[in-house]
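J.: Pasted the sequence and its predicted model underneath.
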Amino acid sequence: MGDEVLSIDGLHVSVDGTEIIKGLSLTINIGEIHAIMGRNGAGKSTLANVVMGHPAYEITAGTIAFKGVDLDEMEVFERARAGMFLSFQYPASIPGVQVGTFLRKSVSSVRGNSAPSARDFRKELMGHMDSLNMDKSFLSRYVNDGFSGGEKKRLEILQMLLLNPSLALLDETDSGLDIDALRVVADGINSIAPEAGCLLITHYQRLLEHVKPDFVHVMIDGRIVRTGSAELAGELEAKGYDWLEA
């Protein structure tokens, strides 16, 4: 695979004095897809949020590096501009802000001097919307306001495609999707995967039938307790998590 994009070493994370992540190490290279599976409360979403710089989480030990640069002093917007992207489990609604305006401002802010012209942006936007089977009427709607779960997740993937990150953190992107929407979202993930490192957080094997992971990690009580190939997801589907705690 390609160069190292994310390196986590001996990470411990607490929230309000309660330790959530308890010594986690993980390396992701460009071109690799890593899936993290685990029960609710295992620390999966905490991991994604702390990598992106959420201020509610305190790193008490360990390091996180992005392309060899320590993330400790980088603000969230600096991480985004450096090439990191987080797809939220529960995307927020922004009443009064149209999707088209939101996307254009996001791309201009994150991509800076490399942002496309208005004409090129619209061409790029239309192409990605077609690939995601998104109606053009989305652009005049307010961000996630009244959106179904599937619509919210498609918009998250559209943002990812436009921002073209080198590290994509996707927190339960498959939740709330029907079969057709799942396939469309998976195609979006697969389209960026060759040039990015991807971390997929999921509960179910169904996403991994469309997005083939290079590694599957099982997270229990703030630690990665098992790492394997895509077949490990099938074992979890069949056996649950108890057999890993024996």
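T.: It's in.

J.: Buried residues of the host helix or strand of Val110, list them for me.
T.: Assessed by DSSP states H and E, Val110 sits inside helix 99-111. Of the residues in helix 99-111, those with enough neighbours to count as buried (16 or more other C-beta atoms under 10 Å) are Val99, Gly100, Phe102, Leu103, Arg104, Val107, Val110, Arg111. To be clear about C-beta, it is placed using only N, CA and C from the backbone, and glycine gets the same treatment.

J.: Let me know whether the second one touches Ser140 as I believe.
T.: Yes - when contacts are counted by C-beta atoms under 8 Å, Gly100 is listed as touching Ser140 (6.8 Å).

J.: And for Asp180, the neighbour number?
T.: Look at Asp180: counted by other C-beta atoms under 10 Å, it has 10 neighbours.

J.: try Asn133
T.: Burial of Asn133 is recorded as 12 neighbouring residues (other C-beta under 10 Å).

J.: now swap in Gly68 and tell me
T.: 9.

J.: show me where the chain has strands.
T.: 4-15, 18-29, 33-37, 58-66, 69-70, 84-87, 94-98, 142-143, 167-171, 197-201, 215-220, 223-228 (DSSP state E).

J.: quick one: contacts for Pro95?
T.: Tyr142, Asp145 (C-beta atoms under 8 Å, 6 or more residues apart in numbering).

J.: Could you check how far it is from Ala181?
T.: Using C-beta to C-beta, to the nearest Å, one gets 23 Å for the distance from Pro95 to Ala181.

J.: And Ile21, by the same measure?
T.: 31 Å.

J.: Sketch out the low-pLDDT regions of the protein for me.
T.: Judged against pLDDT under 70, the low-scoring parts of the chain cover residues 1, 246.

J.: can I assume Glu19 is in contact with Thr60?
T.: Yes - using C-beta under 8 Å, Glu19 makes contact with Thr60 at a distance of 7.3 Å.

J.: Would you reformat the strands of the chain as CSV and include distance to Asp130?
T.: Output for those, formatted as CSV (distance: least, C-beta to C-beta, whole Å):
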stretch, distance to Asp130
strand 4-15, 29
strand 18-29, 30
strand 33-37, 24
strand 58-66, 32
strand 69-70, 36
strand 84-87, 20
strand 94-98, 20
strand 142-143, 20
strand 167-171, 21
strand 197-201, 22
strand 215-220, 32
strand 223-228, 37
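
J.: Tell me which of these sits nearest to Gly43.
T.: Smallest distance to Gly43 across the strands of the chain (C-beta to C-beta): 4.9 Å, for strand 18-29.

J.: re earlier: quick one, which of Glu19 and Thr60 is more surrounded?
T.: Set side by side, Glu19 and Thr60 show unequal neighbour counts under other C-beta under 10 Å, the larger going to Glu19 at 16 against 13.

J.: The more buried one bridge partners, please.
T.: Ser14 (DSSP bridges).

J.: Contacts only, for it.
T.: In this structure, Glu19 makes contact with His12, Val13, Thr60, Gly222, judged by C-beta under 8 Å, 6+ apart.

J.: quick one: which of those is nearest Leu244?
T.: Nearest to Leu244, judged by C-beta to C-beta, of these is Gly222 at 14.1 Å.
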